[in-house]
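Peer 1: How does the following fold in three dimensions:
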Amino acid sequence: MFVIWCLLVVALARPQHVGEQVQLPVSGRDLMLVVDISPSMDEQDMVIQGRSINRLQAVKVVLDDFISQRKGDRLGLILFGTQPYVQVPLTFDLATVKT
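Peer 2: The predicted structure is shown next:
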């Protein structure tokens, strides 16, 4: 009776095979990026490639380059103005952090 009960529980759980196992990198670092989004970041006092841009745009350019170089690392993103909040928790999906 116990065996039947266990098999019923397993059947109700509907186990599924979803494909090959994904190998995750183990040598990377966990990095949380913290970005200020307060009104002071609207100040137009940065120049990139001869163009005047605000501080937030400059941070985005630098972070885009930084994130592109992070192979095997988990990245997360914290934004703050008056209060900090986690925008993206630690993830290997670097494209998510870039957006």
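Peer 1: From here on, just use CA atoms for contacts and neighbour counts.
Peer 2: OK.
Peer 1: what residues does stretch 42-60 touch?
Peer 2: Residues outside stretch 42-60 that contact it (C-alpha atoms under 8 Å, 6 or more residues apart in numbering) are 35-37, 41.
Peer 1: all helices of the chain, in order?
Peer 2: 2-13, 55-68, 94-98 (DSSP state H).
Peer 1: Dump these to a markdown table, plus mean neighbour count, mean pLDDT and distance to Glu20.
Peer 2: Formatted as a markdown table, the helices of the chain follow (neighbours: other C-alpha atoms under 10 Å; pLDDT from 0 to 100; distance: least, C-alpha to C-alpha, whole Å):
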| stretch | mean neighbour count | mean pLDDT | distance to Glu20 |
| --- | --- | --- | --- |
| helix 2-13 | 10 | 86 | 20 |
| helix 55-68 | 15 | 92 | 26 |
| helix 94-98 | 16 | 89 | 21 |
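Peer 1: Need the pLDDT of the nearest residue to Asn54 once chain neighbours are set aside.
Peer 2: Closest residue to Asn54 in three dimensions, ignoring its sequence neighbours and counting by C-alpha to C-alpha, 6 or more residues apart in numbering: Gln44, at 4.0 Å. With respect to pLDDT, Gln44 scores 91.
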